[in-house]
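[1] Task: produce atomic coordinates for the following.
(2 chains)
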Amino acid sequence: GAGVSQTPSNKVTEKGKYVELRCDPISGHTALYWYRQSLGQGPEFLIYFQGTGAADDSGLPNDRFFAVRPEGSVSTLKIQRTERGDSAVYLCASSLIGGGWQRQETQYFGPGTRLLVL
Amino acid sequence: DAKTTQPNSMESNEEEPVHLPCNHSTISGTDYIHWYRQLPSQGPEYVIHGLTSNVNNRMASLAIAEDRKSSTLILHRATLRDAAVYYCILRDRPNSGGSNYKLTFGKGTLLTVNP
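    Now for the predicted structure:
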């Protein structure tokens, strides 16, 4: 079946601009995660959705970053007033149910969006 | 999540076994050991996980030390498609009060497979 998809695959923007990154999770997955990966580093957690609500947004670096998932499926990560330091690969993952259940759920990752802020 | 330590890089020859080590000396009794890998220009993918006993699946085997302070991911016959960064991650047991939904990645081990 279809995996997690992310669009665009690449995004180049200028400092100060607004960007939106989209994630389409695996159909039926209620849990959705955003991670950010800087060059040479492992992915870092940003935010976790359980259904439509953000259950944990503790990884968002500041208030320029915001994410939504209005219908419990597609999610959009929004970055305002982009800075050069925001350049990274933004990864989205989904899992069937999410944390708090008696299982060690696999997270399925998309290919990422490579964001470059000039 | 407890911290893990992995070598920065390892090299292997095609069709030979590969043993990727991970140290987790501060592991708690409720931490599961997970491995993910990330192929070039792709997102991470799940490989295997375990708690105490050794585990096998179609991709790899996971050998866990008796004291659980270390583990080894074993690729029985490396192929060129196994060239990737391998991450060893500790995840707390659900309902233990920890945030086990977060995957905490280190820098991982970059595995190079020579033809």
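[2] Low-confidence stretches in chain A?
    By pLDDT under 70, the low-scoring segments of chain A are A:1, A:98-103.
[3] show me where chain B has strands.
    Counting by DSSP state E, chain B forms strands over residues B:9-13, B:18-23, B:32-38, B:45-50, B:55-56, B:61-64, B:70-75, B:84-91, B:109-114, given from the N-terminal end onward.
[4] Dump these to CSV, plus mean neighbour count, distance to A:Ala54 and mean pLDDT.
    In short, each C-beta sits where N, CA and C put it, glycine included. Written out in CSV, the entries for the strands of chain B read as follows (neighbours: other CB atoms under 10 Å in any protein chain shown; distance: least, CB to CB, whole Å; pLDDT from 0 to 100):
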stretch, mean neighbour count, distance to A:Ala54, mean pLDDT
strand B:9-13, 14, 37, 97
strand B:18-23, 18, 31, 98
strand B:32-38, 23, 23, 96
strand B:45-50, 19, 24, 96
strand B:55-56, 15, 33, 95
strand B:61-64, 19, 33, 98
strand B:70-75, 20, 33, 98
strand B:84-91, 23, 20, 95
strand B:109-114, 17, 32, 98
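[5] Can you lay out these as TSV showing distance to chain A?
    Putting these into TSV (distance: least, CB to the nearest CB, whole Å) gives the following:
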stretch	distance to chain A
strand B:9-13	12
strand B:18-23	13
strand B:32-38	5
strand B:45-50	4
strand B:55-56	11
strand B:61-64	13
strand B:70-75	15
strand B:84-91	6
strand B:109-114	10
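[6] Out of the ones you listed, flag the one nearest A:Glu83.
    Comparing the strands of chain B against A:Glu83 with CB to CB, the closest turns out to be strand B:32-38 (25.5 Å).
[7] What pairs with that closest one, parallel or antiparallel?
    Based on DSSP bridges, the strands next to strand B:32-38 in the sheet, each with its direction, are strand B:45-50 (antiparallel), strand B:84-91 (antiparallel).
[8] any chance of the strands of chain B in a markdown table, plus distance to B:Tyr101?
    Output for those, formatted as a markdown table (distance: least, CB to CB, whole Å):
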| stretch | distance to B:Tyr101 |
| --- | --- |
| strand B:9-13 | 29 |
| strand B:18-23 | 21 |
| strand B:32-38 | 12 |
| strand B:45-50 | 14 |
| strand B:55-56 | 21 |
| strand B:61-64 | 21 |
| strand B:70-75 | 21 |
| strand B:84-91 | 9 |
| strand B:109-114 | 24 |
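[9] can you give me the helices in chain A?
    Using DSSP state H, the helices of chain A do not appear at all; there are none.
[10] where do the strands sit along it?
    Here chain A has its strands, by DSSP E, at A:5-7, A:10-13, A:19-24, A:31-37, A:44-50, A:53-56, A:65-68, A:75-79, A:88-95, A:108-109, A:113-117.
[11] middle-most residue in chain A, spatially?
    Closest residue to the average C-alpha location of chain A: A:Trp34 at 2.8 Å, with CA atoms, centre = their mean.
[12] Which strand residues bridge that one?
    In this structure, A:Trp34 bridges to A:Ile47, A:Cys92 when assessed by DSSP bridges.
[13] residues in contact with it?
    Applying CB atoms under 8 Å, 6 or more residues apart in numbering or on different chains, one finds that A:Trp34 lies in contact with A:23, A:45-47, A:67, A:75, A:77, A:90-93.
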